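S.K.: Pasting a predicted model and its sequence here:
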Amino acid sequence: QVQLVESGGGLVQPGGSLRLSCTASGFTLDYYRIGWFRQAPGKEREGVSCISSGDGSTFYANAVKGRFTVSRDNAKNTVYLQMNSLKPEDTAVYYCATGCEFDPSVSWGQGTQVTVSS
């Protein structure tokens, strides 16, 4: 069974950092492009970052560029999203997925809540 599990969310003050993890079971994550998405209350889900299979090239949305870093550890079958200089507008449920576009074939994790507040 293909499963993605996100972890690492929580409450952090503005300017703080969090590292999210996306761990796969039932399949080898390295074979997939892995996307990070987020959905804030009352807003549509949006793409945040993407890391390709193979050469590990990365993509970032303009809103997070320079603050977030995506990486993968194939030995642990895990993709990470390091989030620095967090802002209140980063508050959302963060999801990882087996793709970087909204496609019916993509598998999603259950999400992890990130709250940036003083």
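M.R.: Structure's in. What do you need? Source: prediction; values computed, not measured.
S.K.: what about Cys22, neighbour count?
M.R.: Residues lying near Cys22 (other Cβ atoms under 10 Å) number 27. Any C-beta I mention is one placed from the backbone N, CA and C, and that applies to glycine too.
S.K.: how close does it sit to Ser117?
M.R.: The gap separating Cys22 from Ser117 is 24 Å, by Cβ to Cβ, to the nearest Å.
S.K.: For Phe59, list each beta-bridge partner.
M.R.: Judged by DSSP bridges, the bridge partners of Phe59 are Cys50.
S.K.: what's the answer for Ala97, then?
M.R.: In this entry, Ala97 is beta-bridged to Gly35, Trp108, by DSSP bridges.
S.K.: looking at it, it is touching Gly35, isn't it?
M.R.: Yes - counting by Cβ atoms under 8 Å, Gly35 is a contact partner of Ala97 at 4.9 Å.
S.K.: and for those two, which residues touch both?
M.R.: Shared contacts of Ala97 and Gly35, defined by Cβ atoms under 8 Å, 6 or more residues apart in numbering, are found at Val106.
S.K.: can you pull the pLDDT of the residue positioned nearest the centre of the chain?
M.R.: For the chain, the residue nearest the mean C-alpha position is Trp36 (3.1 Å; Cα atoms, centre = their mean). pLDDT recorded at Trp36 is 98.
S.K.: That one and Ser118, how far apart?
M.R.: Distance, Trp36 to Ser118, by Cβ to Cβ: 24 Å.
S.K.: again, but for Arg19
M.R.: In this view, Arg19 and Ser118 are 20 Å apart by Cβ to Cβ.
S.K.: Just want to know which of these two has more residues nearby.
M.R.: Higher neighbour count among Arg19 and Ser118: Arg19, with 14 against 8, using other Cβ under 10 Å.
S.K.: Report whether the expected contact of that one with Gln82 is present.
M.R.: Yes - the pair Arg19 and Gln82 qualifies as a contact (Cβ under 8 Å) at a distance of 5.0 Å.
S.K.: which residue ranges form the helices in this protein?
M.R.: Counting by DSSP state H, the chain has no helices to list.
S.K.: quick one: Arg20 from Pro104, how far?
M.R.: To be clear, residue 20 is Leu; Arg isn't right here. Distance check for Leu20 against Pro104: by Cβ to Cβ, it reads 24 Å.
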